[in-house]
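Visitor: Structure, please.
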Amino acid sequence: MAVHWPSRLAERAHERHALGRWRHRRTASPGAAPLDFTGNDYLGMARDPRVAEAMAQGARRHGAGARASHLVSGHLEVHEALEERLAALTGRPRALLFSTGYMANVGTLQALCDGETRIFQDRLNHASLLDGARLAGALSRRFHHGDLADLERLLARAPAEAPRLVVSDGVFSMDGDVADIPGLAEIARRHGAWLMIDDAHGLGVLGGNGDGCVGRAHGADAVPVLVGTLGKALGTAGAFVAGSEALIEHLIQFARPYVYTTAQPPGVAAATLAALEILAAEPERRRRLQAHIRRFRREAATLGLPLADSTTPIQPLLLGDDAQAMAWAERLAASGLAVGAIRPPTVPRGQARLRITLSAAHTDADLDALLEGLAACQARDAGLREVTP
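Guide: Presented below is the predicted three-dimensional model:
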């Protein structure tokens, strides 16, 4: 009997509604935008007029789109210049542009791995890394989050003849903590494995020059495969992979999401070049962001808010209960504060949270408003507990 597709879709929708985990897409209006503590524009680049003007000039010069894939006729001078700048920023011989971070991770894993490869991933890695391993058909094991001893045990059990790849986020997107890059690199070296780090949330924010938690501090010998995104701290869009000449040429030949995708719009590449100029010229943006992080954590601790142990712009407020996380987010929204409520399956069951993200573009008054809103949510919950029989 043939499957009735509308009924199949309705059944899945009913299941998700019943769990209280139906996602809603909201349309943002720049003219009436609330204070935003949900985005990843950590340095305030996305609304910098210099970045916007560079995008406009790039589009006027090269056109709105690249018109073809990189391997046909879409690879323009502005793309080449951006790849060179990204390679220099991260201390690698070469870099390769991708249209999205998801595509960069999926394409890299698909190109490097096959059914004989053993992949070892941190349990909290981004979905794109997990999906990339599945697409490659590689045997994949997940080690306990940040547990180097568990990784070592898994590597020791793997067949010696099998190619091995250790994969981790640099900054974990839901928890905000930073991977132990030296520890991962040493274990990978000892077991003859390559190490791949997705530094999407570290690039621009961490490192002496905004080069991330890997960057120049850990060269291509320690971290042969480095992924970074352009749509977070740099405020534009797209992603890149940085590494050796051999790695980049391999990806050009075998990474299907790169080969079969129209090249990034040239205006976006021009805007990213402008953002990199600002990153180098205005280190005070990173200092201001770090000051915001320290102040927020200090005052949140005074209030007794259950923050995760993070020193990055990602500040999770661990509430545990799905309904409570949604209720706090709705109360904050009513006060003009946009804060993300994160529930399973994005995070494990029982770990629902508010994912608060800070930016150099925030002011002290913005942080005051956020802290006051969180304190009000806390006080309301305490009052409800007092009147509950």
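Visitor: so what's Leu139 closest to, chain neighbours aside?
Guide: Arg118 (5.4 Å; Cβ to Cβ, 6 or more residues apart in numbering). Glycine gets a C-beta too; all of them are placed from N, C-alpha and C.
Visitor: State the phi and psi torsions of the one you found.
Guide: phi -110, psi 120 (degrees, to the nearest 10).
Visitor: Equivalent analysis for Ile119, please.
Guide: phi -110, psi 140.
Visitor: Distance-wise, check the residue nearest to Leu139 relative to Pro159.
Guide: Here the criterion is Cβ to Cβ, to the nearest Å. By it, Arg118 lies 7 Å from Pro159.
Visitor: So those two - more neighbours on which side?
Guide: Arg118 (20 against 10; other Cβ atoms under 10 Å).
Visitor: Now do the same for that one: its pLDDT.
Guide: Here, the pLDDT recorded for Arg118 equals 97.
Visitor: who touches it in this structure?
Guide: Ala138, Leu139, Ser140, Arg141, Ala158, Pro159, Ala162, Pro163, Arg164, Leu165 (Cβ atoms under 8 Å, 6 or more residues apart in numbering).
Visitor: now swap in Asp169 and tell me
Guide: Asp122, Leu124, Asn125, His126, Leu129, Ala179, Ile197, Asp198, Asp199, Ala200, His201.
Visitor: One more pass at 6 Å, please.
Guide: Asn125, His126, Asp198 (Cβ atoms under 6 Å, 6 or more residues apart in numbering).
Visitor: Surely the last one and Val227 touch.
Guide: If I follow you right, that is Asp198. Yes. Using Cβ atoms under 6 Å, Asp198 is in contact with Val227, at 4.4 Å.
Visitor: which of the contacts of Arg118 has the most neighbours?
Guide: Going by other Cβ under 10 Å, Leu165 tops the contacts of Arg118 with 24 neighbours.
Visitor: thinking again about what came up before, on the strand side of things, show who the residue nearest to Leu139 bridges to.
Guide: Leu139, Arg164 (DSSP bridges).
Visitor: Counting neighbours, what do you get for Pro224?
Guide: Quick note: Pro224 (other Cβ under 10 Å) scores 22 neighbours.
Visitor: So it sits against Trp194, correct?
Guide: Yes. Taking contacts as Cβ under 6 Å, Pro224 lies within contact range of Trp194: 4.9 Å.
Visitor: returning to what we had before: of Asp198 and Val227, who's got more company?
Guide: More crowded of Asp198 and Val227, by other Cβ under 10 Å: Asp198, with 32 against 28.
Visitor: Roughly how far does that one sit from Gly107?
Guide: Counting by Cβ to Cβ - Asp198 and Gly107 are separated by 12 Å.
Visitor: and which of the contacts of Asp169 is nearest to Asp211?
Guide: Asp198 (14.8 Å; Cβ to Cβ).
Visitor: what does the model give that closest one for pLDDT?
Guide: 98.
Visitor: Contact partners for it?
Guide: Asp198 sits next to Asn105, Asp169, Val227 when contact means Cβ under 6 Å, 6+ apart.
Visitor: taking these one by one, which sit in helices?
Guide: Asn105 (DSSP state H).
Visitor: May I see the contacts of Asp198 arranged in JSON lines, with pLDDT as well?
Guide: Output for the contacts of Asp198, formatted as JSON lines (pLDDT from 0 to 100):
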{"residue": "Asn105", "pLDDT": "98"}
{"residue": "Asp169", "pLDDT": "98"}
{"residue": "Val227", "pLDDT": "98"}
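Visitor: Counting residues, which helix of the chain comes out longest?
Guide: Ranked by number of residues, the top helix in the chain under DSSP H is helix 364-387.
Visitor: now for that one, which elements pack on it?
Guide: helix 284-303, helix 322-334 (3 or more Cβ pairs under 6 Å, 6 or more residues apart in numbering; DSSP states H and E).
Visitor: would you turn the contacts of Asp198 into JSON lines with distance to Ala54?
Guide: JSON lines is the format used below for the contacts of Asp198 (distance: Cβ to Cβ, whole Å):
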{"residue": "Asn105", "distance to Ala54": "27"}
{"residue": "Asp169", "distance to Ala54": "29"}
{"residue": "Val227", "distance to Ala54": "24"}
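Visitor: Output the below-cut-off pLDDT ranges for the stretch 251-389 of the chain.
Guide: 383-389 (pLDDT under 70).
Visitor: The closest residue to Leu307 other than its chain neighbours: neighbouring residues, count only.
Guide: Leaving aside its sequence neighbours, Leu307 sits nearest to Ala300 (Cβ to Cβ, 6+ apart; 5.3 Å). Ala300 has 19 neighbours, counted by other Cβ under 10 Å.
Visitor: Quick check: Ala300 vs Ile197, distance?
Guide: 29 Å.
Visitor: re earlier: sort out which one of the contacts of Asp169 lies nearest Asp322 for me.
Guide: His126 (21.4 Å).
Visitor: List the contacts of that closest one.
Guide: Counting by Cβ under 6 Å, 6+ apart, His126 has contacts Asp169, Ser173.
Visitor: And it, how far from Arg157?
Guide: 25 Å.
Visitor: do the same with Ala111
Guide: Going from Ala111 to Arg157 by Cβ to Cβ gives 26 Å.
Visitor: for Ser335, same thing?
Guide: Ser335 is 52 Å from Arg157, by Cβ to Cβ.
Visitor: Mind checking which of these two has more residues around it?
Guide: Ser335 (14 against 9).
Visitor: Could you pull up the contacting residues of that one?
Guide: Taking Cβ under 6 Å, 6+ apart, one finds Gly373 in contact with Ser335.
Visitor: 8 Å instead, please
Guide: Here Ser335 is in contact with Ala369, Gly373, Ala376 (criterion: Cβ under 8 Å, 6+ apart).
Visitor: neighbouring contacts of the helix or strand harbouring Ala111?
Guide: According to DSSP states H and E, Ala111 maps onto helix 101-112. Contacting residues not belonging to helix 101-112 are listed as 98, 119, 126, 128-129, 131-133, 135-136, 138, 165, 167, 194, 196, 198, 200, 225, 227, 229, 231, 239-241, 250-251, 253-258, 261 [Cβ under 8 Å, 6+ apart].
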